[in-house]
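Student: Prediction below, plus the sequence it came from.
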Amino acid sequence: MSWWAYASQMTPEEAGRYAESLPQVKRKGTESRPAWYVNNRLVVRLLDPNTLVIRVPLSKRESLLETYPDSFGVPPRMEAHHKVEAYLDRAQPRAVRTAIDLAWEMQRR
C-alpha cells in the first residue's frame with residue numbers, strides 16, 4: 001500500500017502531485033491557483049488553500065457524494081456542471097484521488 005493511503009488529510013501539493021502522476025496531465029494556472037489539465041481539458045483546480053474543484057461525470061457525482069459525504073460538496077453554482085468541491089481539511093485522501101481519477105478518465109477522451 002502506498003504512503004498516501006495512511007495520510008489523514010491531503011494537501012494541495014499532494015493533490016497536484018497525484019494529478020501530475022496521471023498520463024498526459026499538465027499543470028497550468030497560476031502559482032496561487034494552479035490547475036491540472038489533460039488534453040487542455042480541466043481535471044482539477046485549486047480554488048483556495050482548502051478547496052479543490054474537480055471535474056466529475058454527472059453520472060458518477062451522486063455516488064461520490066454518497067460514498068464520501070464529508071469530503072465533497074456541490075455548491076448551487078456548480079449544480080448544472082460536471083464538478084464537485086473537495087474540502088481538503090476533511091476530505092479523505094482516497095476520496096480526492098478517486099474524484100481526480102474520474103475527472104482524468106472523463107477528460108482524456
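Tutor: Perfect, I can see it now.
Student: Okay, and Glu66 sits in which element?
Tutor: helix 58-67 (DSSP states H and E).
Student: Any idea how far the helix or strand immediately after that helix in the chain is from the middle of the chain?
Tutor: Using DSSP H and E, the helix or strand that follows helix 58-67 in sequence is strand 72-73. Taking C-alpha atoms, centre = their mean, to the nearest Å, one finds the center of strand 72-73 at 10 Å from the center of the full chain.
Student: for the record, mean pLDDT for strand 72-73?
Tutor: For strand 72-73, the mean pLDDT works out to 97.
Student: Kindly report the same for stretch 31-46.
Tutor: 97.
Student: hmm, who's touching that stretch?
Tutor: 12, 15-16, 19-20, 22-29, 47, 52-55, 99-100, 103-104, 107-108 (C-beta atoms under 8 Å, 6 or more residues apart in numbering). For every residue, glycine as well, the C-beta is placed using N, CA and C.
Student: Regarding it, how distant is the last residue from the first?
Tutor: Stretch 31-46 stretches 10 Å from its first residue to its last (C-alpha to C-alpha, to the nearest Å).
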